[in-house]
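**Student:** turn this into a structure:
(chains A and B)
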Amino acid sequence: MNHHLQKVVRHLPHYLPLVGILFFGYWGFYTFSYDRIFQTAVAVGVAFGYITWGVVHHYVHKDLYLEVVLEYIFVSILGLVIIFSLILAA
Amino acid sequence: MSAASYLLDRTIHLVVPRPSNNHRARLLHSSSLVYFSLLVLAFQLFIGYGPRMGLRVLGYAANISPTEVIRLTNEKRVTQGLSALREDPVLSQAALAKGTDMLNKDYWAHVSPDGTEPWAFFASAGYAYRYAGENLARDFSNPTDAVEAWMTSPSHRDNLLSDKYADIGIAVVEGDLNGVDTTIIVQLFGTRAVNVPATIPVAEASEEVVPTAELIPEVLPTEEELAVTQPVGNNELISGASGLDSNSDLVGSPFGMTKTLALVMGLVFMTVMVVDGVVAYRRGLKRFVGRTVAHVSFIGMVLAIVLIAKAGRIF
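**Tutor:** As a prediction, the model looks like this:
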């Protein structure tokens, strides 16, 4: 258990920027509920931020491969498509 | 292999990492993510273009009382230290005419496709204005959200909280807009020209107009327009262009359907990611894949956004 705790503490600085990116996305949508342009910009910004975080994170951990980058890109695209569909349907 | 065993095997293949899926849940493969993205897009095309091809199965219907919209508007004004607006039946009649015009001509804008400006509805209803303004809202399930949406937009908020206005008229119209059953709120503001003190020349008074959104009349009313007609209609009347029932029906709306699909999809992916991550961790699998914690967090943010997303547009 102690080993797991040490592992979490060691990885915390890597995940704090991710928490910031995701919190920014939620805050942007909450604050600008009816501003479609801003919401779209926030969604695109968060998606790029997430991909960038993934690339940097895996580069630092020396396990950055094309498949990994593609996975972050496709997860981001899925998230973007879901959010865009809501913005368009609202 | 029985059908049940086959289905179970396929499900495990989709969700649990094992040799048959290269030790990664099949649903999390890049190709699966692309398929699901395309599925969402196809659904959007269906609900977006389906109604235009005659499929009228979806719609926004809401129970919105004009009186409640006026009450909420005045509540906002009083909170800001402004006087409450007076409900004007003539202005409500103008709002009703504008809303009906939008449904009849299939447009969602301040100016109609044939160039008719909002002020034409003031004039034709017999409201000779000194100041005039218009706020529009559609697809809201309740009046509170509509008023709050106007308050978040600087130009609409300026209209709503302008001390230049004395009267308000509201109409809620329901009908077919571009193939989708829609509820539109038309909110008109005005101050009658006849209220202008006699000592102030009309031309001079017009220069004092403070821009309120994009909705300031460009010309002063003519002498003919100054004639005040008898109030007609009842503000509580809602034009029922398509005879929709007045119960809230957002679940069946394009937004409700999209929200449900997004929630289901997000929850499925989150669950599969957790299962895949836990199984891989317990088995000590060494894989070159993205971080499960990061993906779950990202999809979690998407789900949170889906949950707080609200239907409705303002103009």
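**Student:** any idea how far A:Ala47 is from chain B?
**Tutor:** 9 Å (Cβ to the nearest Cβ, to the nearest Å). (Glycine included, C-beta is placed from N, CA and C.)
**Student:** residue contacts, whichever residue of the stretch 1-150 of chain B sits closest to chain A?
**Tutor:** Closest to chain A within the stretch 1-150 of chain B is B:Leu33: 3.9 Å, counting by Cβ to the nearest Cβ. If you count contacts by Cβ atoms under 8 Å, 6 or more residues apart in numbering or on different chains, B:Leu33 has them with A:71, A:74-75, A:77-78.
**Student:** also B:Val16?
**Tutor:** B:25, B:275-276, B:279.
**Student:** go again using 6 Å as the cut-off
**Tutor:** The contact partners of B:Val16, by Cβ atoms under 6 Å, 6 or more residues apart in numbering or on different chains, come to B:Val279.
**Student:** measure the spatially closest residue to B:Ile168 that is not a sequence neighbour to B:Leu161 for me?
**Tutor:** What sits nearest to B:Ile168 in space, not counting adjacent residues and going by Cβ to Cβ, 6 or more residues apart in numbering or on different chains, is B:Leu85, at 3.9 Å. Taking Cβ to Cβ, to the nearest Å as the measure, B:Leu85 and B:Leu161 are separated by 11 Å.
**Student:** which one's more surrounded, the two?
**Tutor:** For the pair B:Leu85 and B:Leu161, the greater number of neighbours falls to B:Leu85 (21 against 18), based on other Cβ atoms under 10 Å in any protein chain shown.
**Student:** distance of that one from B:Asn178?
**Tutor:** 31 Å.
**Student:** check the offset of the longest helix along chain A from the chain's centre.
**Tutor:** Longest helix of chain A, by residue count under DSSP state H: helix A:2-31. Distance of helix A:2-31 from the chain centroid (Cα atoms, centre = their mean, to the nearest Å) equals 10 Å.
**Student:** quick one: the worst-scoring helix or strand of chain A on mean pLDDT near chain B?
**Tutor:** For chain A, counting by mean pLDDT, DSSP states H and E, helix A:2-31 ranks last in confidence among helices and strands (a mean of 84). Yes: using Cβ under 6 Å from any Cβ of the partner chain, helix A:2-31 comes into contact with chain B via A:18, A:22, A:25-26, A:29-30.
**Student:** continuing past the helix or strand bottoming out on mean pLDDT in chain B, what's the next helix or strand?
**Tutor:** Every helix and strand in chain B was compared by mean pLDDT, DSSP H and E; the lowest is strand B:239-240, with a mean of 32. Counting by DSSP states H and E, the next helix or strand C-terminal to strand B:239-240 is helix B:254-283.
**Student:** what angle do the helix or strand that comes right after that following helix and helix A:2-31 make?
**Tutor:** Sequence order places helix B:292-308 as the next helix or strand after helix B:254-283, per DSSP H and E. Relative orientation of helix B:292-308 and helix A:2-31, computed by axes from the mean of the first three to the mean of the last three Cα atoms, to 10 degrees: 30 degrees.
**Student:** for chain B, what lies in contact range of chain A?
**Tutor:** So chain B meets chain A at B:30, B:33, B:36-37, B:40, B:44, B:149, B:152, B:254-255, B:258, B:262, B:288, B:290, B:294-295, B:297-298, B:301-302, B:304-305, B:308-311, B:314 (Cβ under 6 Å from any Cβ).
**Student:** show me where the stretch 51-200 of chain B dips below the pLDDT cut-off.
**Tutor:** Scanning the stretch 51-200 of chain B for pLDDT under 70 picks out B:51-62, B:195-200.
**Student:** swap in 50 and give it another go.
**Tutor:** Low-confidence segments of the stretch 51-200 of chain B (pLDDT under 50): B:57, B:196-200.
**Student:** can you map out the helices along it?
**Tutor:** Along the stretch 51-200 of chain B, counting by DSSP state H, counting those that start in this stretch, helices occupy B:66-79, B:89-105, B:118-125, B:143-152, B:154-160.
**Student:** grab the most central residue of chain A for me.
**Tutor:** For chain A, the residue nearest the mean C-alpha position is A:Tyr50 (3.1 Å; Cα atoms, centre = their mean).
**Student:** confirm that residue sits in a helix?
**Tutor:** Yes: assignment of A:Tyr50 by DSSP: H, G, I helix; E, B strand; the rest coil places it within a helix.
**Student:** can you tell me how far it is from B:Val111?
**Tutor:** Remark: distance between A:Tyr50 and B:Val111 (Cβ to Cβ) = 41 Å.
**Student:** cool, B:Ala171 as well?
**Tutor:** Per Cβ to Cβ, B:Ala171 is found 18 Å from B:Val111.
**Student:** the more surrounded of these two?
**Tutor:** More crowded of B:Ala171 and B:Val111, by other Cβ under 10 Å: B:Ala171, with 26 against 12.
**Student:** chain B versus the residue nearest to the centre of chain A, what's the distance?
**Tutor:** To chain B, A:Tyr50 is 6 Å away according to Cβ to the nearest Cβ.
**Student:** can you read off the pLDDT for that residue?
**Tutor:** In this model, A:Tyr50 is scored at 96, pLDDT.
**Student:** the one 3 residues further on too?
**Tutor:** With respect to pLDDT, A:Trp53 has a value of 96.
**Student:** assumed it was part of a helix.
**Tutor:** Yes: under three-state DSSP, A:Trp53 sits within a helix.
**Student:** what residues are up against it?
**Tutor:** A:17-18.
**Student:** endpoints of stretch B:8-23, how far apart?
**Tutor:** Distance between the boundary residues of stretch B:8-23 (Cα to Cα, to the nearest Å) amounts to 17 Å.
**Student:** quick one: mean pLDDT for it?
**Tutor:** Across stretch B:8-23, pLDDT averages out at 92.
**Student:** flag every buried residue along it.
**Tutor:** Neighbour-count burial for stretch B:8-23, counted by 16 or more other Cβ atoms under 10 Å in any protein chain shown, picks out B:12, B:14-18, B:21, B:23.
**Student:** name the element A:Glu67 belongs to?
**Tutor:** Here A:Glu67, judged by DSSP H and E, is contained in helix A:66-89.
**Student:** okay, the angle between that helix and helix B:292-308?
**Tutor:** Here helix A:66-89 points in a direction 0 degrees away from that of helix B:292-308 (the same axes, to 10 degrees).
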